[in-house]
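Undergrad: quick one: sequence plus predicted model below, questions after.
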Amino acid sequence: MEDVGDAVKKYSGLILIYLLLILLSLISTAYLEIVYYVLFLMVISQSLNIIMGFGGLYNFGHAVFIGIGAYVFALLVVQGLNPYISMIAGGIVSSAVAFLIGIVVLRLRGPFFAICTLSTVPAVKYLIIGGKIAGGAAGITLFRYLGEAYNPYMLTYILLISSVAITILTLKVSASPLGYSLKALREDHDVAETSGVDTTRCKIIAFIISALFPGVAGGVLAFKIFWVMPETVIDLTWSIEAILIVLLGGSGTTIGPIIGAVVYEVLKDLLMRYFPGLQLLIFGLLVVAIISVAPEGIVGLLKNRFKRLRSFLI
Amino acid sequence: MFELVFQVLVYGVIIGAVYGLATMGLNLIWGVMRVVNFTHAEFLTLGAYTAYWAWVLIGLNPIASIPLSALLGFVIGIFIFYIIIYRLLFSPDIHSTLVATFALGVALAELMKVLWTADYRGVPWALGVIKFSWFSIPITYVFTFISCILIIIIVYFILYRTYFGKSIRAVIWDSGAAAICGVNVKATLALGFALGSALAFIGGSLIVIYLPTGINPYMGHLYLLRCFVIAVVGGLGNPWGALAGGLVLGLLEQVSPIVLGYIPGVEPLSLTPFLSFLILIIVLLIMPEGILGRRR
Amino acid sequence: MSSRAVSKTIAVIIAVIVIIAIAAAAMVMMPPAPSPTPPPPPTSPITTPTSPTTPKTTPISPTPTEKIPSEIRIGVAIQLSGAQVVEGSASFMGIKCAVQWINDRGGVNFKGVKVPLKLIYYDCESKRDYAVKLVEKLITEDKVDIVIHPYASTVIMATAPITEKYKMFSVQFGGSSDTLYQQGFKYMVSTHGFAILHYWSTPFTMIKEADPTAKKVAIVFKDDEWGRSLGESARTKAKNFGFEIVYDRAYPPDITDATPMLREIAALNPDILCVGSHYKDGYLIATQLRDLRINIKWVIAQVAVAKPEFGDGLGKWAVGFIGETTWEPECKWEIIAAREGKEYYGPTSDELVEYYYKLGGKGRPSAYTGYGAIAVLVAAKCIEVAQSLDSDKLIEAAKTLDFYCVKSRFKVDPENPAKQIGSINPVVQWQRGEGDKLVYAVIYPFEFATSKPIPMPKWEEKEGWPELKP
């Protein structure tokens, strides 16, 4: 059994990373920008980890949750509601939509689930543009309502708090019956079913949880760019990045997406500075290499090479 | 009224055939090795660029450059299969090939950007039109359609009249049983992938005829989503399913703007893609094997 | 719970509280991002008034005078690659030409000294998010004095909030969507006319004069900022001119096939077709009009027509297309300036063309050259009038200006400097010239027009023509 010492050791890796991020953000506005992007990716990847890492379901439609959060935020802010409450509302609505999508889509497996969720992203985008919903392709401009209240530090720290919250949630889920059920159905869906796991219920709950914080992050995004329109907030790129980060860091681990997000963004920034124009090329090849060589991600690699780090890498 | 219907049917069928041809590769690769080939988008783009460079450097029109595209596609397909795909076919995670082909696609697109810049290019090949009393078809479209038919016949020939084709069909049906019967499954997979890739390249070359200026490294993604719709609706494991799906989508894209135009307050041309994705989702939920897929 | 579990939970909670406490403290202590205005120099010594009646109270220091910088830094994030490379790099060429012209004359007049301009620029690769990051970098890291926004309204809508956030004086030359002046931006001036205010009226006037029987108008436009403004503008102007609108639809920005739309339009038999497009879609629609052999007497297509590539790609089929442009080498605004008694500032079109070739430009300079040049000229003029680099003074100066330059007239609405009201669009049309030449004719303003407008010849007629070369 663990004592306080072990517990502190276990979480120290996480705490260290968060402290580092806070310190970095205080150095200059340039670093604040980087920390913002890292945290944004962290929040959405950690959320995805719940359904993808634990449940084994590659949700390519993850970006839709961000978009919904952004649109709800915009619609509420235009009505005069406090932006921070609007962000929370965005998260809640996003989870509700996840429930509705989930009951329909979660019965699919493997690549079919991937393709189906993949197509929800352009489906929602063209529905909004074609149906002229919430401004259609023009979207909603927010500068008039939010220009004065803009505070980049606030936005970054909201993401930080979200990340901490989802970390705690991940830890709790991981050790809970829900977590074990998800891991079971990830390994073998049919065996889990016959063993008595209510796979449908577990999948839906995981799906809902995975949509909450991306919704909030969508609101943060909307606040940052002052303009919500289908092209900017419903972007397949985030789904892809989230999936890549989860794989890169270590699918199914708590610290995996955190490390993955940091490494990903740092890598992207470095490549942008020293190999501008080539960054995605190198990136794509790197990902292919990682998938072939290290399917367990960075956490897996570290655990195998450095046995002493095992207790830190939860 | 009759004129409109006729026009719509003709255009829908012609472009549907091209879409179908462009998607056949996707269906084939899925059928043979259960891999969702996200690199398909970049294969289409590479096919388009092949047509472009053939035009600029040698003066070949897109239809004449089909053999060139096919050859290039075949070679590149074999290359990619042996370097990347084969390794991942047996990994425990069924999604590895998905992510790998996607990442490879991104890398290829960026490579094209580095080599040929992201500028938009076009092949302005126009031969005039055939004029009926009420509408006209560009002659290039007619040639495209004829080429599609010819290529489909050639593919049929390959699949049903050669040993290679037979082994592909065997592996699609049941790879274990095929191996027992003495089929070299690995070679078949490789050739199947290469054939799929070649078909994608050909599709890309033909699409150029419809895009006077749209060739750029990222164009594949515009078509990839359409290809998924076609592949799923038509039946993933079946190459002919791609044709069926292609016709459905081609006709849908011509008909739906007109029908949607009667609904006030919407933009029909933007709502049409939504309809196509809605159909994809519904088909996946109700009838995942598609129109021509195997009924389980 | 066992005591161990309790300790564990306590440890977790403590850690979380520590993190949140630090974060909250940072939020409270951190001042808002500093504005980029130069730090006030040390105040000059107090001068006491000589009059004995003035009470000797707290010493008053006079307004600190700004130091004279060694160079004035202009920051530009522009599309030098990617989807908008054509427009971006051509505009950038214009910017470079204007900077060179000013620097060849010593620079900008700043407090009796000529200060040269320095251009600090980055390629935003036609990616909106990247442009935003780069503009922020220009302001915070490179510490530029003035920002010129990238091309295209959609991008400017994203970068403008950044310059506004830092209260930095900025110039936008590349956005003509009316939403740009409806957001409440305070420190941005626009150099180019807007869709709703300025577009369509001149072509409509000319068509009405040349063809009084023209009645039915079909409108199609791209579903993005620019396209929608054009659509709105066309709708309003068509009504004002007494035309009947028979078709009015948007098309998705990534359209690959316009035939369903064009077929519907053909069935309605309009006299005028208004296409609110950018380059790629405008070109697509032109080719598909040709392929479907749809004959419409007057076709006005924005942006796509006003480019040499249009004629290169379509050859003889391009004849008849009308477009509104921003600048052409034939423009001689100095004539109009002289006639109206207004100042003409900056190079003439001929001089600009000279600089274009001097800096390595090839072929015919496109409209974007003038488009980019005026941004620099306006910035320089504002500095000269304000005699300061302070954003408030610069924007006040901008509100007072009314002058002509290589790209027509610059006059902004004093209440809303992001709203350009003086700009005039020349109108062009592709025509068949003598000796089977493809001519890119300027048909308005009449002071330097090279020919008169003609209705679009039928496709069947054009079939019979030989290939036309420019």
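TA: Looks like it came in fine.
Undergrad: how many other residues sit next to residue C:450?
TA: 15 (other Cβ atoms under 10 Å in any protein chain shown). All C-beta spots, glycine's among them, are computed from the backbone N, C-alpha and C.
Undergrad: got a list of what the residue in the stretch 151-296 of chain B that chain A sits nearest to touches?
TA: At 2.9 Å from chain A, residue B:271 is the closest residue in the stretch 151-296 of chain B, using Cβ to the nearest Cβ. Contact analysis of residue B:271 by Cβ atoms under 8 Å, 6 or more residues apart in numbering or on different chains lists A:126-127, A:129-131, B:256, B:260.
Undergrad: and what of residue B:110?
TA: By Cβ under 8 Å, 6+ apart, the contact list for residue B:110 reads A:278-281, A:284, B:217.
Undergrad: what of residue B:37?
TA: Residue B:37 makes contact with B:25-26, B:29-30, B:97, B:101, B:193, B:196 under the criterion Cβ under 8 Å, 6+ apart.
Undergrad: run the last query once more with 10 Å
TA: By Cβ atoms under 10 Å, 6 or more residues apart in numbering or on different chains, the residues touching residue B:37 are B:25-30, B:43, B:77, B:80, B:85, B:97-98, B:101-102, B:104-105, B:193, B:196-197, B:200, B:224, B:227.
Undergrad: reduced to three states, what does it come out as?
TA: Recorded secondary structure, residue B:37: coil (DSSP: H, G, I helix; E, B strand; the rest coil).
Undergrad: residue B:183 now?
TA: Secondary structure, three-state DSSP: residue B:183 is coil.
Undergrad: what about the residue of the stretch 151-296 of chain B closest to chain A, distance to residue A:129?
TA: From residue B:271 across to residue A:129, the span is 8 Å (Cβ to Cβ, to the nearest Å).
Undergrad: shared neighbours of these two, which are they?
TA: By Cβ under 10 Å, 6+ apart, residue B:271 and residue A:129 have these common neighbours: residue C:252.
Undergrad: neighbours around residue 293, how many?
TA: I went with chain A, as the question did not name one. Neighbourhood size, residue A:293 [other Cβ under 10 Å]: 9.
Undergrad: actually it's chain C I care about, not the one you picked
TA: Residue C:293 has 18 neighbours, counted by other Cβ under 10 Å.
Undergrad: chain neighbours aside, what residue packs nearest to it?
TA: In space, and not counting its chain neighbours, residue C:293 is closest to residue B:136: 4.3 Å by Cβ to Cβ, 6 or more residues apart in numbering or on different chains.
Undergrad: and what of residue A:21?
TA: Nearest residue to residue A:21 in three dimensions, chain neighbours excluded: residue A:35, at 5.3 Å (Cβ to Cβ, 6+ apart).
Undergrad: quick check: pLDDT value at the one you found.
TA: For residue A:35, the model assigns a pLDDT of 89.
Undergrad: ok, now residue B:27?
TA: At residue B:27, the model reports a pLDDT of 89.
Undergrad: next: residue C:10.
TA: We have a pLDDT of 58 for residue C:10.
Undergrad: surely residue C:221 is within a strand?
TA: Yes: checked against three-state DSSP, residue C:221 lies within a strand.
Undergrad: correct me, but it touches residue C:273?
TA: No: the criterion here is Cβ atoms under 10 Å, and residue C:221 misses it with residue C:273 at 11.3 Å.
Undergrad: residue of the stretch 351-470 of chain C closest to chain A, please.
TA: For the stretch 351-470 of chain C, Cβ to the nearest Cβ, closest residue to chain A: residue C:418, 11.7 Å.
Undergrad: count of neighbours near that residue?
TA: Using other Cβ under 10 Å, residue C:418 has 25 neighbouring residues.
Undergrad: for it, helix, strand, or coil?
TA: Classified using three-state DSSP, residue C:418 is strand.
Undergrad: and it, how far is that from residue C:184?
TA: Per Cβ to Cβ, residue C:418 is found 9 Å from residue C:184.
Undergrad: the contacts of residue B:271: which ones sit near chain C?
TA: Contacts with chain C within these, as defined by Cβ under 10 Å from any Cβ of the partner chain: A:126, A:129-130, B:256, B:260.
Undergrad: may I ask which helix or strand of chain C has the lowest mean pLDDT?
TA: In chain C, no helix or strand scores lower on mean pLDDT, DSSP states H and E than helix C:3-29, which sits at a mean of 56.
Undergrad: name the helices or strands packed onto the helix or strand hosting residue A:288?
TA: For residue A:288, the host element (DSSP states H and E) is helix A:279-293. Packed against helix A:279-293 by the contact rule (3 or more Cβ pairs under 10 Å, 6 or more residues apart in numbering or on different chains; DSSP states H and E) you find helix A:236-249, helix A:255-274, helix A:297-305, helix B:86-88, helix B:96-116.
Undergrad: only C-alpha atoms, please: export it in CSV.
TA: Below are the C-alpha coordinates for helix A:279-293, written out as CSV (Å, rounded to 0.1, in the frame of the first residue of the first chain):
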residue,chain,number,x,y,z
GLN,A,279,7.6,21.3,-40.5
LEU,A,280,4.6,19.3,-41.5
LEU,A,281,6.7,17.1,-43.7
ILE,A,282,9.1,16.2,-41.0
PHE,A,283,6.2,15.9,-38.7
GLY,A,284,4.3,13.4,-40.8
LEU,A,285,7.4,11.2,-41.2
LEU,A,286,8.1,11.4,-37.5
VAL,A,287,4.6,10.2,-36.7
VAL,A,288,4.9,7.3,-39.1
ALA,A,289,8.2,6.4,-37.4
ILE,A,290,6.7,6.6,-34.0
ILE,A,291,3.7,4.4,-34.9
SER,A,292,6.0,1.8,-36.3
VAL,A,293,8.6,1.8,-33.6
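Undergrad: so which residue of the stretch 301-450 of chain C comes closest to chain B?
TA: residue C:313 (5.1 Å).
Undergrad: once you drop chain neighbours, what's closest to that residue?
TA: Once flanking residues are discounted, residue C:313 sits nearest to residue B:124: 5.1 Å by Cβ to Cβ, 6+ apart.
Undergrad: count the residues that sit near that neighbour.
TA: Residue B:124, neighbours per other Cβ under 10 Å, totals 14.
Undergrad: assumed it was part of a helix.
TA: No: going by three-state DSSP, the assignment for residue B:124 is coil, not a helix.
Undergrad: could you pull out the strands for the stretch 51-200 of chain B?
TA: Using DSSP state E, counting those that start in this stretch, the strands of the stretch 51-200 of chain B run over B:129-131, B:136-138.
Undergrad: okay, the ones you listed, which one's buried deepest?
TA: Counting by mean count of other Cβ atoms under 10 Å in any protein chain shown, strand B:136-138 has the highest mean neighbour count of these, with a mean of 20.
Undergrad: what helices or strands is it leaning on?
TA: Looks like strand B:136-138 contacts helix B:2-33, strand B:129-131, helix C:279-291 (3+ Cβ pairs under 10 Å, 6+ apart).
Undergrad: of these, which is nearest residue B:151?
TA: Smallest distance to residue B:151 across the helices and strands packed on strand B:136-138 (Cβ to Cβ): 6.2 Å, for helix B:2-33.
Undergrad: buried ones in that closest one, by neighbour count?
TA: B:7-8, B:10-33 (16 or more other Cβ atoms under 10 Å in any protein chain shown).
Undergrad: cool, and stretch A:228-239?
TA: Within stretch A:228-239, the residues that qualify as buried are A:228-230, A:232-236, A:238-239, counting by 16+ other Cβ under 10 Å.
Undergrad: from the residues you listed, pick the one nearest residue B:38.
TA: Distance to residue B:38, by Cβ to Cβ, is smallest for residue A:236 among these, at 11.7 Å.
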